[in-house]
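Colleague: Could you look at this predicted model? Sequence included:
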Amino acid sequence: AQSVTQLDSQVPVFEEAPVELRCNYSSSVSVYLFWYVQYPNQGLQLLLKYLSGSTLVKGINGFEAEFNKSQTSFHLRKPSVHISDTAEYFCAVSQGGGSNYKLTFGKGTLLTVNP
Amino acid sequence: GAVVSQHPSRVICKSGTSVKIECRSLDFQATTMFWYRQFPKQSLMLMATSNEGSKATYEQGVEKDKFLINHASLTLSTLTVTSAHPEDSSFYICSATAGAQPQHFGDGTRLSIL
């Protein structure tokens, strides 16, 4: 079994400030890790993914995340946020990167960027 | 990137009717499609996994006779909510994938049952 914990349900920040959205996971096997963003009344868009290799993963819109196996974490960061980054962010884990593997999602973190 | 189209984006109907939601992969052949349900301010709950040409695999607690899933081609899967009731009102999202690709999501369908 696998699970994902997003420690913060809401994160308010000011524009141009740095942000970190936290994600911890638990699994008895190796995992693949993902961050998705959801804008209001829309589906999910993939920000970045960790499958293997370098533990620092760069994604779209200036986001990056670092896989830390010893701490079972995959925190999402951005050095300077914009108003347009306001959205819900979901961390997810699967046991494989292919089509046969189900995603388990965290409960989400609402990032609100204020002017 | 890969595009998944979901239709309709919003539907309002009377209690007791059946509603069909379509999920199409526009630029790739999706061997697997997933259907999720999302309650307000909550995460996505996987309802079922659909492989082309075979019966869907439903998650525990999801009524397969209530939520009919058909994946007849590599680009189309449908979810039919049969005899819908107000408690079925929710945001339904599909995703599609193939091989080693990550899941690509549709824009969701807001279903409201009166």
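Modeller: Looks like it came in fine. Quantities reported herein were computed from a predicted structural model and do not represent experimental measurements.

Colleague: which residues sit in contact with residue A:34?
Modeller: Neighbouring residues of residue A:34 by Cβ atoms under 8 Å, 6 or more residues apart in numbering or on different chains: A:46-50, A:91-94, A:103, B:102. Heads up, the C-betas are built off the backbone N, CA and C, glycines and all.

Colleague: List, one by one, the residues from chain A near chain B.
Modeller: Residues of chain A lying close to chain B (Cβ under 8 Å from any Cβ of the partner chain) are A:34, A:36, A:41-46, A:49, A:90, A:97-100, A:102-103, A:105-108.

Colleague: follow-up on the earlier one: could you work out the most separated pair of the contacts of residue A:34?
Modeller: Greatest spatial distance among the contacts of residue A:34 (Cβ to Cβ): A:47 and A:94, at 15.4 Å.

Colleague: of those two, who's got more company?
Modeller: A direct count of neighbours by other Cβ atoms under 10 Å in any protein chain shown for residue A:47 and residue A:94 places residue A:47 higher, at 24 against 21.

Colleague: Now name the helix or strand holding the more buried one.
Modeller: In the assignment (DSSP states H and E), residue A:47 maps to strand A:44-50.

Colleague: CA atoms only: put that strand into PDB for me.
Modeller: Extracted C-alpha coordinates of strand A:44-50, given in PDB (Å, rounded to 0.1, in the frame of the first residue of the first chain):
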ATOM      1  CA  LEU A  44      -4.900  18.300 -13.700                       C
ATOM      2  CA  GLN A  45      -1.800  19.400 -15.500                       C
ATOM      3  CA  LEU A  46       1.500  17.600 -14.900                       C
ATOM      4  CA  LEU A  47       4.100  19.900 -13.400                       C
ATOM      5  CA  LEU A  48       7.000  17.500 -13.100                       C
ATOM      6  CA  LYS A  49       7.800  13.900 -12.300                       C
ATOM      7  CA  TYR A  50      10.500  11.800 -10.700                       C
END
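
Colleague: buried stuff in that strand?
Modeller: A:44-50 (16 or more other Cβ atoms under 10 Å in any protein chain shown).

Colleague: what residue ranges in chain A score low on pLDDT?
Modeller: A:97-100 (pLDDT under 70).

Colleague: could you pull out the strands for chain A?
Modeller: A:2-5, A:10-14, A:19-21, A:24-27, A:32-38, A:44-50, A:56-58, A:64-68, A:73-78, A:87-94, A:104-105, A:109-114 (DSSP state E).

Colleague: If you count contacts, what does the last one end up packed against?
Modeller: For strand A:109-114, the helices and strands in contact under the criterion 3 or more Cβ pairs under 8 Å, 6 or more residues apart in numbering or on different chains; DSSP states H and E are strand A:10-14, strand A:19-21, strand A:87-94.

Colleague: Deepest in the core, which of those is it.
Modeller: Ranked by average neighbour count under the criterion mean count of other Cβ atoms under 10 Å in any protein chain shown, these are headed by strand A:87-94 at a mean of 24.
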